[in-house]
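*Asks:* Got a sequence here, can you build the structure:
(chains A, B, C and D)
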Protein chains: 2
Amino acid sequence: MANANRVFAALTDPTRRAVFERLRHGPRPVGEIARGLPVSRPAVSQHLKVLKEAGLVDDRSEGTRRIYQIDPKGLGAMRAWLDQFWDSALTAFAAEVERASKEEKK
Amino acid sequence: MANANRVFAALTDPTRRAVFERLRHGPRPVGEIARGLPVSRPAVSQHLKVLKEAGLVDDRSEGTRRIYQIDPKGLGAMRAWLDQFWDSALTAFAAEVERASKEEKK
DNA sequence: CTCATCCGTAAGTGGATACTAACGGTAAGT
DNA sequence: ACTTACCGTTAGTATCCACTTACGGATGAG
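*Replies:* Predicted coordinates for the structure are as follows:
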């Protein structure tokens, strides 16, 4: 699933977000993702599993290697949540600023 | 601070996101926010503290009550992160789809 | 000056989770 | 067939965190 709940939960952990950001410019095998990260390769595998369940990444096998890449579904879910929130929140904020300035002049 | 790290961490917890969403349409005192939520009022206070440190909310005191409202800073930071990510990720995704279809015809 | 209301903080606890180490399975090379 | 490379999974552990309970400070009403 790609609901906002899972997407948020998946992107919370800094290490996991680092894993995700390594896929930003294209597909990568697991080993290459893990290289340079301060955690072990199995840890990266576990993170990728979570990201996959959140709809943030996709994978395919290529020989003995497993290639991961970004799946737009997950980011789309978060963007939808944010967009939906953005308008009403900013509107309410602007209204409040307006109200405060009216209060000031009194 | 309103860095993406804190914003993500703050919005991860479902209860805390529920607290945040109650401020969507305007300022509210703590008691009113807590009413109807399945957690105690002190828990809400702790959530509000985290949201504030993330730059997601702002507060002012009004008599004996404390009024919270959304601070655009936090949402802005997340939106910036998402926008920045969105382009490169989608570009890489499109390039990969292109590459795959080329591979298909071979 | 009490008394009630509203709220933040501290302490303590239970549950979730990120991590490592060890193992097994699959594919490619020799 | 043997070895090597690459990866997922399991078990176990340590850490983090969301929550409640109890408490104390500040404001307003009487």
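
*Asks:* Apart from its chain neighbours, what residue comes closest to residue A:62?
*Replies:* residue A:29 (7.7 Å; C-beta to C-beta, 6 or more residues apart in numbering or on different chains). In this view, the C-beta of every residue, glycine as well, is placed from N, C-alpha and C.

*Asks:* do the same with residue A:60
*Replies:* Excluding its sequence neighbours, the residue lying closest to residue A:60 (C-beta to C-beta, 6+ apart) is residue A:67, at 5.5 Å.

*Asks:* I figured residue A:77 hits residue A:5, correct?
*Replies:* No. Shown here, residue A:77 and residue A:5 do not form a contact pair, counting by C-beta atoms under 8 Å, at 9.2 Å.

*Asks:* Neighbour count for those two, which is higher?
*Replies:* Neighbour count, other C-beta atoms under 10 Å in any protein chain shown: between residue A:77 and residue A:5, residue A:77 has more, with 21 against 15.

*Asks:* Can you pull up the residues of chain A that come close to chain B?
*Replies:* For chain A, the residues in contact with chain B (C-beta under 8 Å from any C-beta of the partner chain) are A:5, A:8-9, A:11-12, A:14, A:17, A:21, A:23-27, A:69-70, A:72, A:75, A:78-79, A:82, A:85-86, A:88-90, A:92-93, A:95-96.

*Asks:* ok, residue A:50 - how many residues close by?
*Replies:* 18.

*Asks:* whoops, residue A:46 was the one
*Replies:* For residue A:46, the neighbour count with other C-beta under 10 Å is 14.

*Asks:* Tell me what angle the longest helix seen in chain A forms with helix B:72-105.
*Replies:* Assignment by DSSP state H gives helix A:72-105 as the longest helix of chain A. Inter-element angle recorded for helix A:72-105 and helix B:72-105: 160 degrees (by axes from the mean of the first three to the mean of the last three C-alpha atoms, to 10 degrees).

*Asks:* Show me what helix A:72-105 packs onto, helices and strands only.
*Replies:* helix A:4-12, strand B:65-70, helix B:72-105 (3 or more C-beta pairs under 8 Å, 6 or more residues apart in numbering or on different chains; DSSP states H and E).

*Asks:* if you average pLDDT over each of those, which comes out lowest?
*Replies:* Mean pLDDT across the helices and strands packed on helix A:72-105 is lowest at helix B:72-105; the value there is a mean of 82.

*Asks:* ok, back up a step: among the residues of chain A next to chain B, which ones are buried?
*Replies:* The neighbour-count test (16 or more other C-beta atoms under 10 Å in any protein chain shown) marks A:8-9, A:11-12, A:17, A:23, A:26-27, A:69-70, A:72, A:75, A:78-79, A:82, A:85-86, A:89, A:92-93, A:96 as buried among the residues of chain A next to chain B.

*Asks:* starting at the chain centroid, how far to the longest helix of chain A?
*Replies:* Centroid displacement of helix A:72-105 relative to its chain, using C-alpha atoms, centre = their mean, to the nearest Å, is 20 Å.

*Asks:* report the angle between the axes of that helix and helix B:4-12?
*Replies:* In terms of direction (the same axes, to 10 degrees), helix A:72-105 departs from helix B:4-12 by 90 degrees.
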